[in-house]
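Student: have a look at this fold, sequence not included:
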C-alpha cells in the first residue's frame, strides 16, 4: 500500500479533524514555494480554503473578527480601478499603474469569480464591488462564436484558450450580480446568451460528453463547466419547450457518458497492468475493470475487494471516477461528473456509496485533504472538490453546499438576501423565481 | 528563502542598473494564500512589474520573461507581454519555437504555453516541424489534452483535414494503443469534423464502420471504438439497428456465459428499446448489465430499464 493512505478496515470515515487542520494550515501559514507556479491563482486557492472551512462548519471558529475583516480588505485590494479583480497581487503595478500599462494588469474572469465567492463566504455585502463595471467587462470577454476568454489584451482583444471554464465563471458572475434577468439591466447590456448556448451545443461530442471546442475530445471538466453555465443561465434542457434556445441536444447520450465515467481503474497498478495490451479479455483490458463476469475478477484490487464476500454487485467496494474514456479515476472528477448529474436532476443514476468509499479509503490523506490518486499528497483543488462531492452526497458533519457555485448554502443564502440584489431582482415584492 | 547556487539575480547586474524594481504589495495585513516565494522569484517579479510599467520591449525583457516562465508558467500576462516583446523587437520566431520545445516538456500540464505557441506558429505561417514536436510530447503522455487540442488547431489553421499523412498518423496512434480515446477523437475530428459534422459519403461511412469493427474485434471491452461506431451510424443517418448483427457477435443474450462486451449489450439494449415488440429483449440486456456484466453502473442500467416502461409521449 502506498504511504499516506488512510484505511479503516471497519468503516470508511471522513477524518474531520485532519481536514480542519489541513485547511486551517493553508489559511494561516505560507504555502510552500512549490506553489510558485500558482502565484497567479491565489484568489482561487483562497476561495478553496475559505469555502472548505465553511463546508466543514469551522469558519466561525477559525477566524477572528479582525481576520475576517482583514481578508475582506485583501480581496478588495485586488479590485481593479476599472472594475473586476486581479487573481493575485503579482500583477499589481501599484502607483506606477497608468492607462498605458494597465493591459498588463487586466480584468480577469477567474480573479473576479473567486473574489466574489470569498467575499460572499466571508459575509461581505458586495456594496464596494464595482458591479456595473464587472457586468460590462463580461460582455467584452465574449467571442464571436459565443464562447468566452480569460482576460483582455491590447485593444480589448479576448485572450485565453477556448475553454468552457471561462463560460462557467462568466455565467456564475452574471448570476451573482444580476440573477436570471435577461437583456439590459440598469443600462448595462447582457452577454449574448443564445450565442453561448450554441457554442456549448457545438462542443457536444459524438459520445455525449462536452469538450472545449467543436470536435475536440469530451472531458469531465469541460462537461461540468458547460452544464453549470447553462444552469446559471437557465438554459438546461426542459421537458416542455419554452421557445428559448436550450443546451444539450442529446440528453440521454450525455447521461450515458456521465454514467460511463465510473471506473474500477483507480490506481496506477490497475492502469499499468493493461497498458498497451492488445490481447483483450474481460480480465485484462483497461475499462474491463468494470466488466465483471462472475469468478473472473477484474484486477488484484478488485479481487481483494471481493474476497470472502458473496460475488454480488451490491458488494462493490470502491468505484472511482475518471474524466475521459479509458483514463484512471481521479478525485476531482468525482465532482466534475457528479455536479452536472446533480444539476440535471439525475444524480440517482450513480451509486454514491462506493464513490464515497473510494474517496475516503483511497484518496483521503492522513494529514487531511485529498490527493488526486491513492497515495498522492493532498492539494487544495482535489481536497476542496473531494469535500464538495461528499457534501453533495450528504456526508454527516458537513454543511450543505450549492453544487454549481461551490460555496455553502449558507453563503448562497447570504448573497440572495443582499438588499441591492433583492431590489434588482424584484424579490422583495414578488419573490424570486 | 536561501537562494540556490544557479539562481539568477538582477540587483547587481549592470545591465539592469537603470531599473528600479517594483516590490509586491501584498495588499493588506491579512493576505490570503500567501506563498513562500524564493528570493529569486520575488526579485525577478519586481523587475518584471517595473519593465511592464514602462512598456519596455527589449532583448533583456525577453530574457526576464523566460526566467519568470521557468518559475511560474501560469502567469497569464507574462506570456502576452512576451508575445508583444517578440513583435516589437522583430525577434526570430524560429528561435522562439526552439525555446518553447523544451519548456513545454518541462511544464506538461500548463496551458498558456499552447496559446502562445499558436500565436507564434500562426505568425510563422507554417506547421513545419510541429508534427515531430507533438510526437515528442505524446511520448510523455499519449493522452495529453493540450497536445491533442493543439494538433486540432494545427489541422484547422493549415487545412490538413484531407491530408493522408494526418489520417495515417492517427491510425498509427490507435495501433499503438487502441484505447487511446484522444486518438479516436482525432480521427472523428478529421473524418467528420472536417465536413461540418456530416459523414460525407456512404463509402466513407462504410470505411469508418469497418475500421471501428476491426478495432472492436481486437478489444471488445474498449468503449472508445464503440462510441465511435455509434457516432458514425448517427452521422451517416443510418438506423442503429445497422449494428445489430455486429453487436450479437459479442453478446448473444441467449448464451450469457459467452458475453464478451458490456458495450455490445448496451448497444443491443438501445436497439431493442426502439424496436416494436422487443422491449423484453432490451430489458434482458439491461438486466444482464446491472446484475452481471457492468454492476458498477447498476443504477444507470436500472434507470434505463425504467424508461422502457414510460409511454413514448412522456419520455
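Tutor: Nice, I can see it. This one's a predicted model, so the numbers in the text were calculated from it and none came from an experiment.

Student: what helix or strand is residue B:190 on?
Tutor: Per DSSP states H and E, residue B:190 falls inside helix B:181-191.

Student: after that helix, which helix or strand is next? Please name it.
Tutor: Assignment by DSSP H and E places the next element after helix B:181-191 at helix B:202-218.

Student: per-residue pLDDT, residue A:428?
Tutor: pLDDT for residue A:428: 70.

Student: ok, it - contacts?
Tutor: By Cβ atoms under 8 Å, 6 or more residues apart in numbering or on different chains, residue A:428 lies in contact with residue A:422. (C-beta placed from N, C-alpha, C; glycine too.)

Student: that one: which element?
Tutor: Per DSSP H and E: helix A:427-430 holds residue A:428.

Student: close to chain A, is the helix holding residue B:190?
Tutor: Yes: if you take Cβ under 8 Å from any Cβ of the partner chain as the test, helix B:181-191 does meet chain A, through B:181-182, B:184-186, B:188-189.

Student: next one: that helix to chain centre, how far?
Tutor: Its chain's C-alpha centre and that of helix B:181-191 lie 11 Å apart, by Cα atoms, centre = their mean, to the nearest Å.

Student: that helix packs against which elements?
Tutor: helix B:145-157, helix B:164-176, helix B:202-218, helix B:223-235 (3 or more Cβ pairs under 8 Å, 6 or more residues apart in numbering or on different chains; DSSP states H and E).

Student: at 7 Å instead, please
Tutor: In terms of contacts (3 or more Cβ pairs under 7 Å, 6 or more residues apart in numbering or on different chains; DSSP states H and E), helix B:181-191 is packed against helix B:145-157, helix B:164-176, helix B:223-235.

Student: tell me the contacts of the residue in the stretch 51-200 of chain B positioned nearest to chain A?
Tutor: For the stretch 51-200 of chain B, the residue closest to chain A is residue B:193, as judged by Cβ to the nearest Cβ, at 3.2 Å. Residues in contact with residue B:193 (Cβ atoms under 7 Å, 6 or more residues apart in numbering or on different chains) are A:214-215.

Student: next one: residue B:210
Tutor: Neighbours of residue B:210 in contact, by Cβ under 7 Å, 6+ apart: none.

Student: look up how far residue B:267 lies from it.
Tutor: 17 Å (Cβ to Cβ, to the nearest Å).

Student: try residue A:114
Tutor: Going from residue A:114 to residue B:267 by Cβ to Cβ gives 43 Å.

Student: more neighbours: which of those two?
Tutor: residue A:114 (27 against 24; other Cβ atoms under 10 Å in any protein chain shown).

Student: mean confidence score for the one helix or strand the more buried one maps to?
Tutor: Here residue A:114, judged by DSSP H and E, is contained in helix A:109-121. Helix A:109-121 comes out with an average pLDDT of 98.

Student: go ahead and name everything in contact with the following helix or strand past it.
Tutor: Of the helices and strands lying after helix A:109-121 in sequence (DSSP H and E), the nearest is helix A:131-140. Residues from elsewhere that reach helix A:131-140 (Cβ under 7 Å, 6+ apart): A:82-84, A:107, A:112, A:152, A:156, A:170, A:173-174, A:177-178, A:186, A:188-189, A:191.

Student: how does it look with 6 Å?
Tutor: A:83-84, A:107, A:112, A:156, A:170, A:174, A:177, A:188-189, A:191 (Cβ atoms under 6 Å, 6 or more residues apart in numbering or on different chains).

Student: buried ones only from these, please, as a PyMOL command.
Tutor: With 16 or more other Cβ atoms under 10 Å in any protein chain shown as the burial test, the buried ones among these are selected in PyMOL as follows:
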select buried, chain A and resi 83+84+107+112+170+174+177+188+191
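
Student: which of the helices and strands packed on helix B:181-191 is buried the deepest?
Tutor: Counting by mean count of other Cβ atoms under 10 Å in any protein chain shown, helix B:223-235 has the highest mean neighbour count of the helices and strands packed on helix B:181-191, with a mean of 24.

Student: so what's residue 92 up against?
Tutor: Just so you know, I chose chain A. residue B:25.

Student: please redo it, this time with the cut-off set to 10 Å
Tutor: Applying Cβ atoms under 10 Å, 6 or more residues apart in numbering or on different chains to residue A:92 gives the contacts A:77-78, A:80, A:86, A:105, B:22, B:24-27, B:49.

Student: among these, which ones are in strands?
Tutor: Per DSSP state E, strands hold no members of the contacts of residue A:92.

Student: please, a ChimeraX command that selects the buried ones among those?
Tutor: Buried residues among the contacts of residue A:92 (16+ other Cβ under 10 Å), as a ChimeraX selection:
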select /A:77,78,80,86,105 /B:22,24,26,27,49
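
Student: what does the domain assignment say about chain A?
Tutor: A:141-249, A:261-270+A:298-306+A:314-395 (the TED database).

Student: worst mean pLDDT among those domains?
Tutor: domain A:261-270+A:298-306+A:314-395 (a mean of 89).

Student: starting at the chain centroid, how far to that one?
Tutor: Offset of domain A:261-270+A:298-306+A:314-395 from its chain centre (Cα atoms, centre = their mean): 14 Å.

Student: next one: stretch A:402-422
Tutor: 16 Å.

Student: no further questions, thank you.
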